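In: 3D, please:
(one chain, ligands or ions: 2)
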Amino acid sequence: MTLIGGDPGIGKSTLTLQTVASVAGTLTTLYVSGEESAAQVAARAARLGLELGQITMLAETCLERIMGTITALRPQLVVIDSIQTLYSEAFTSAPGSVVQVRECAAELTRAAKQTGTATLLVGHVTKEGAIAGPRVLEHLVDTVIYFEGEPGSNLRIIRALKNRFGAANEIGVFAMLEDGLRGVTNPSALFLARQSEPASGNIVFAAIEGSRPLLVQVQALVDRTGGNPRRVCTGFDGQRLAMLLAVMNRHMGCQLGGFDVFVNVVGGIRISEPAADLAIVSAIWSSLSGTLVPNNVVAFGEVGLGGEIRPVVGSALRVGEAQKLGFSRVVGPSVNRAARARADDDMLVSISHVSALAEQLHPTQ
Ligand SMILES: Nc1ncnc2c1ncn2[C@@H]1O[C@H](COP(=O)(O)OP(=O)(O)O)[C@@H](O)[C@H]1O
Ligand SMILES: [Mg+2]
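Out: Ligands and ions are numbered 1, 2, ... in the order given. Okay, here's the model as predicted:
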């Protein structure tokens with residue numbers, strides 16, 4: 001039982017339709033559309049160039065009738081698009097209410113487990129209101145996948161939040177194109193969009209998303225404040241930023257009390273691992289001091305309250321990705337042998353304390 005959540009228009013129907021088409025030859029499939037007519041689904045399939053083959057299409061919102069079709073057809077894969085459009089005759093509340101969403105999902109789950117039918121539920125993320133969002137179903141299903149993307153960007157990230165039968169925290173990176181979602185084979189190159197000229201406040205962070213390395217650009221802007229100093233983060237935790245600023249004040253002599261600090265992770269991705277600390281500190285230091293970090297530098301590492309740089313998991317993957325994308329300097333904690341094996345001779349610059357950071361980011365020739 002898999003739940004696919006996301007904002008309206010993000011591409012959930014596109015993803016499920018492409019998925020169904022890719023297994024159309026091998027699995028008997030029932031596609032239930034509660035939002036669109038069969039003709040609209042067919043039109044989308046035509047636009048995406050999909051061959052839907054033997055798929056059974058049902059435009060229906062009544063749970064009892066859907067269950068009847070499932071019982072009669074015995075499909076191996078069922079798609080419900082979306083759970084919020086379904087209603088059960090056993091309840092009087094409106095489709096989309098918490099009761100209807102929960103009860104319909106529970107009934108589908110019971111049937112799925114009994115018959116071994118793989119089921120994909122599509123759920124719209126909603127603002128608080130009459131329509132229940134996918135969160136009310138998270139405990140019920142086996143796998144929860146969220147679809148994320150920035151408005152105005154065709155980049156889509158699919159993130160597995162929960163997975164009972166496999167790895168969680170994996171991401172998939174896709175581009176939404178005219179003919180549907182395409183897997184992005186080299187996400188680092190996409191998130192980087194490296195400028196040819198280095199700019200102050202910019203540095204590249206070697207992240208790990210799920211089990212994959214991902215290079216992302218981190219930016220900071222430190223500017224004299226007009227009133228109360230503002231600390232604004234996009235894609236990074238604000239509490240963590242406050243801590244890093246205190247560490248910079250105490251251990252690097254960076255007095256930021258009179259400055260606004262803005263931090264941005266480019267490309268609309270959210271960074272939550274402590275390994276980002278050193279890159280964030282580097283970007284802030286670079287903007288504050290007006291010093292350019294050369295654009296061949298990558299940073300990673302956790303920063304402790306004492307200003308110490310702590311080792312993080314996945315150093316070999318991070319170093320390997322930096323090497324692969326042509327970076328020639330990795331500033332971070334001391335790394336394990338596997339990471340050293342991946343790097344060129346003088347690529348790795350280990351530092352143990354933030355006080356040594358400035359010198360290593362901008363070595364005096
Ligand atoms: N004719 C089109 N050409 C290109 N992209 C389109 C077209 N129609 C829809 N789209 C894209 O598909 C998106 C809708 O995807 P959809 O799978 O219906 O989202 P969801 O099911 O999550 O609401 C739109 O936001 C748009 O980006
Ligand atoms: Mg849809």
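In: so who does residue 59 touch?
Out: For residue 59, the residues meeting the contact criterion (CB atoms under 8 Å, 6 or more residues apart in numbering) are 32, 33, 34, 36, 37, 38, 41. Bear in mind the C-beta positions are built from the backbone N, C-alpha and C, glycine included.
In: now do the fifth one, the pLDDT please.
Out: This means residue 37. pLDDT recorded at residue 37 is 93.
In: check the first one too.
Out: On the pLDDT scale, residue 32 is placed at 97.
In: you'd agree it is in a strand?
Out: Yes. Counting by DSSP: H, G, I helix; E, B strand; the rest coil, residue 32 is found in a strand.
In: check the gap between it and residue 142 for me.
Out: According to CB to CB, to the nearest Å, residue 32 stands 19 Å off from residue 142.
In: higher neighbour count, these two?
Out: Per other CB atoms under 10 Å, whichever of residue 32 and residue 142 has more neighbours is residue 32, with 25 against 17.
In: the more buried one contacts residue 68, doesn't it?
Out: No. At 11.8 Å, residue 32 does not count as touching residue 68 under the criterion of CB atoms under 8 Å.
In: need the residues of the stretch 1-150 of the chain near ligand 1, please.
Out: 6, 8, 9, 10, 11, 12, 13, 14, 47 (CB under 6 Å from any ligand atom).
In: need those residues in CSV with pLDDT and secondary structure, can you?
Out: Shown next, in CSV, are those (pLDDT from 0 to 100; DSSP: H, G, I helix; E, B strand; the rest coil):
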residue, pLDDT, secondary structure
6, 91, strand
8, 89, coil
9, 89, coil
10, 91, coil
11, 93, coil
12, 94, helix
13, 95, helix
14, 95, helix
47, 93, helix
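In: buried subset of these?
Out: 6, 10, 11, 12, 13, 14 (16 or more other CB atoms under 10 Å).
In: tell me where the stretch 101-250 of the chain has helices.
Out: 187-192, 238-252 (DSSP state H, counting those that start in this stretch).
In: filter the contacts of residue 59 to the buried ones?
Out: By neighbour count, with 16+ other CB under 10 Å, the contacts of residue 59 hold 32, 33, 34, 41 as buried.
In: among those, which two are most distant?
Out: Using CB to CB, the buried ones among the contacts of residue 59 reach their maximum pairwise distance at 34 and 41, which is 11.2 Å.
In: ligand 1: which of the helices of the stretch 101-250 of the chain is closest?
Out: helix 187-192 (17.5 Å; CB to the nearest ligand atom).
In: which strands or helices does the closest one pack on?
Out: strand 171-177, strand 212-224 (3 or more CB pairs under 8 Å, 6 or more residues apart in numbering; DSSP states H and E).
In: closest residue of the stretch 101-250 of the chain to ligand 1?
Out: residue 178 (4.7 Å).
In: for that residue, what are its contacts?
Out: For residue 178, the contacting residues are residue 47, by CB under 8 Å, 6+ apart.
In: let me see the contact set for residue 141.
Out: 1, 2, 3, 105, 109, 121, 162.
In: make it 6 Å
Out: Residue 141 makes contacts with 1, 3, as judged by CB atoms under 6 Å, 6 or more residues apart in numbering.
In: got phi/psi on it?
Out: Here is the backbone geometry of residue 141 (degrees, to the nearest 10): phi -90, psi 170.
In: quick one: low-confidence ranges for the stretch 101-250 of the chain?
Out: By pLDDT under 70, the low-scoring segments of the stretch 101-250 of the chain are 128-131, 193-196.
In: which stretches of it form strands?
Out: 118-124, 143-148, 155-163, 171-177, 180-183, 202-209, 212-224, 231-234 (DSSP state E, counting those that start in this stretch).
In: is it possible to export those strands to JSON lines including mean neighbour count?
Out: Shown next, in JSON lines, are the strands of the stretch 101-250 of the chain (neighbours: other CB atoms under 10 Å):
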{"stretch": "strand 118-124", "mean neighbour count": "24"}
{"stretch": "strand 143-148", "mean neighbour count": "21"}
{"stretch": "strand 155-163", "mean neighbour count": "18"}
{"stretch": "strand 171-177", "mean neighbour count": "18"}
{"stretch": "strand 180-183", "mean neighbour count": "16"}
{"stretch": "strand 202-209", "mean neighbour count": "25"}
{"stretch": "strand 212-224", "mean neighbour count": "20"}
{"stretch": "strand 231-234", "mean neighbour count": "15"}
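In: can you put those in a markdown table and add distance to residue 333?
Out: Shown next, in a markdown table, are the strands of the stretch 101-250 of the chain (distance: least, CB to CB, whole Å):
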| stretch | distance to residue 333 |
| --- | --- |
| strand 118-124 | 40 |
| strand 143-148 | 29 |
| strand 155-163 | 27 |
| strand 171-177 | 24 |
| strand 180-183 | 32 |
| strand 202-209 | 12 |
| strand 212-224 | 16 |
| strand 231-234 | 23 |
